[in-house]
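Chemist: Whatever this is, show me its structure:
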Amino acid sequence: MIDHLSAIWPVLASALHLLLGGLVTVHAVLHKRDTRAVIGWVGLAWLAPYVGALVYFCFGVNRIKRRAVSLEFRKAWGVRHVITPTDTEIVHQDQVVERHPTLAGLAHLGRQLTNRPLLPGNQVIPLVDGDEAYPAMVEAIDGARQSVSLCTYIFDSGRAGDRFLDALSRARQRGVEVRVLIDHVGSRYSEVNMITQLNRAGVRAAGFLPTRVPRFAPYTNLRNHRKILVVDGRTGFTGGTNIRDGHCMRWKPASPVQCLHFRFEGPVVWHLQEAFAVDWAFAAGETLEGPAWFPAIERQGEVWARGIDDGPDEDFDKLELVMIGALAAAQNTVDIITPYFLPDAGLIHALNSAALRGVRVRIVLPAVNNLPVVHWASRALWRQVLERGCEIHLTPPPFDHTKLFLVDGIWSLLGSTNWDPRSLRLNFEFNVECYDEQLTGRLLPLVEHRVAAAQRVSLSAMDAQPLPVRLRDGLARLASPYL
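Modeler: Down below sits the predicted model:
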């Protein structure tokens, strides 16, 4: 009997390997859009028996199906999101298009991708670091009368987290409807789980897409990376700032993190609330509707704006197409600040094309990254943009987590997205595109301040790197589709 099992075991093991490898191959070929991803996953499944298939089924399969939820919400609320421009706004828009004719095509691109109009009458206020963002957000929560919706990737316990916990609890005690959505991985960055703490305080909180491996946080796929706060359906906040002590410079944290957040008032807040409502319905099974969540909103400023959802479902590739469109529309200047720079071939070609047309393209990155492997992989790509005329500037510590994309002193993209495959293909993100010269005029000094303190990367410096460093960076780049 033992001899019989010994003889048949290799056959069974080989058959199982063939079955798993075949299943991965069929699924990847049918469902993966990126040819490189198909090759990578299929190769891993066949060359790493059992382990490759297990990794694919854990991290390579998108199990998120939100289309029905999203379509239901947009059908119900999309009609209310139409604001008829005034004669003055139309004249102003025509003047802007006359000065920047390529922006008309970019605006049309955004409309086609999102099925949302550009909404006039918005006010956008930049908030630098948690020092400005947290007080403004807590003050808004304390002023809430009807509803508060908060979505964040990381919600740590600590000084910052406790202030938000207390403010949300006070709002609930006043009878305000409060909903908090925290990414399940992000909720586990601190020892105290804030989802549990919020629920204990009477605040309804939920985790987005629970995972069995939360400690695998930096490299776990399909995360909700959005940062959205909406108060009474009229005041919104979004950007790149998580809720954690490191974002407050005045507290002198051990690991300080610079960032940029934004306060919105005006009709575009509808788009922030809609993004939250779809995520909440998917995660918690509750539909948020009625004037407490979606009230009528009056004009508050001069900015034309549109919210853009992006994620590995029906919103796939929207942001990357907008980014490529913005680079194609650029006539004079492009300024990019991002903590993680791992652009795919399409974005690299768009950046290079802009530079070759005479557009000044500046890319501002942190000199010291909080994820060394990502920094190594990024550096392996720098030559591809430097040799075509793009500029790369490395800012000194503290680590800069800012996400900002400006074009021609009038168009800006604000939100949570990084220039890497994780943001553009694997995570759920939210950004707002804005058309306004005064807003961009307030943001450009932030770029200039960073560039003035940064070190510009040269091709000669890249060539002078030791061979072991270049090999390490090149090997790290092979993992860039998964970083």
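
Chemist: which residues in the stretch 201-350 of the chain form strands?
Modeler: Remark: strands assigned in the stretch 201-350 of the chain by DSSP state E, counting those that start in this stretch are 204-208, 228-231, 235-239, 257-258, 260-265, 303-310, 333-337.

Chemist: my read is residue 433 is in a helix, agree?
Modeler: No - using DSSP: H, G, I helix; E, B strand; the rest coil, the secondary structure at residue 433 is strand, not a helix.

Chemist: And for it, the neighbour number?
Modeler: Using other CB atoms under 10 Å, residue 433 has 28 other residues around it. For glycine as for every other residue, the C-beta is placed from the backbone atoms N, C-alpha and C.

Chemist: Likewise for residue 105?
Modeler: 13.

Chemist: For it, pull up the helix or strand it's in.
Modeler: Element membership for residue 105 (DSSP states H and E) is helix 102-114.

Chemist: so where is the stretch 301-450 of the chain shaky, pLDDT-wise?
Modeler: Applying pLDDT under 70 to the stretch 301-450 of the chain picks out residues 313-315.

Chemist: hmm, back to that, turn the strands of the stretch 201-350 of the chain into a markdown table, including distance to residue 322 and mean neighbour count.
Modeler: Listed next are these as a markdown table, based on distance: least, CB to CB, whole Å; neighbours: other CB atoms under 10 Å:
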| stretch | distance to residue 322 | mean neighbour count |
| --- | --- | --- |
| strand 204-208 | 23 | 22 |
| strand 228-231 | 18 | 27 |
| strand 235-239 | 16 | 26 |
| strand 257-258 | 25 | 24 |
| strand 260-265 | 17 | 24 |
| strand 303-310 | 6 | 25 |
| strand 333-337 | 14 | 24 |
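
Chemist: Just the CA coordinates for the helix holding residue 105, please, in PDB.
Modeler: The C-alpha trace of helix 102-114 is given here as PDB (Å, rounded to 0.1, in the frame of the first residue of the first chain):
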ATOM      1  CA  THR A 102      -6.700  72.600 -25.500                       C
ATOM      2  CA  LEU A 103      -8.600  72.700 -22.200                       C
ATOM      3  CA  ALA A 104     -11.900  72.300 -24.100                       C
ATOM      4  CA  GLY A 105     -10.800  68.800 -25.200                       C
ATOM      5  CA  LEU A 106      -9.600  67.900 -21.700                       C
ATOM      6  CA  ALA A 107     -12.900  68.900 -20.200                       C
ATOM      7  CA  HIS A 108     -14.800  66.900 -22.800                       C
ATOM      8  CA  LEU A 109     -12.500  63.900 -22.000                       C
ATOM      9  CA  GLY A 110     -13.500  64.100 -18.300                       C
ATOM     10  CA  ARG A 111     -17.200  64.300 -19.200                       C
ATOM     11  CA  GLN A 112     -17.000  61.200 -21.400                       C
ATOM     12  CA  LEU A 113     -15.100  59.200 -18.800                       C
ATOM     13  CA  THR A 114     -17.100  60.100 -15.700                       C
END
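
Chemist: What is the next helix or strand after that helix packed up against?
Modeler: As assigned by DSSP H and E, the chain's next helix or strand after helix 102-114 is strand 119-128. Applying 3 or more CB pairs under 8 Å, 6 or more residues apart in numbering; DSSP states H and E, one finds that strand 119-128 contacts helix 87-99, helix 129-142, strand 260-265, strand 303-310, strand 429-435, helix 437-453.

Chemist: 6 Å - rerun?
Modeler: For strand 119-128, the packing partners by 3 or more CB pairs under 6 Å, 6 or more residues apart in numbering; DSSP states H and E come out as strand 260-265, strand 303-310.
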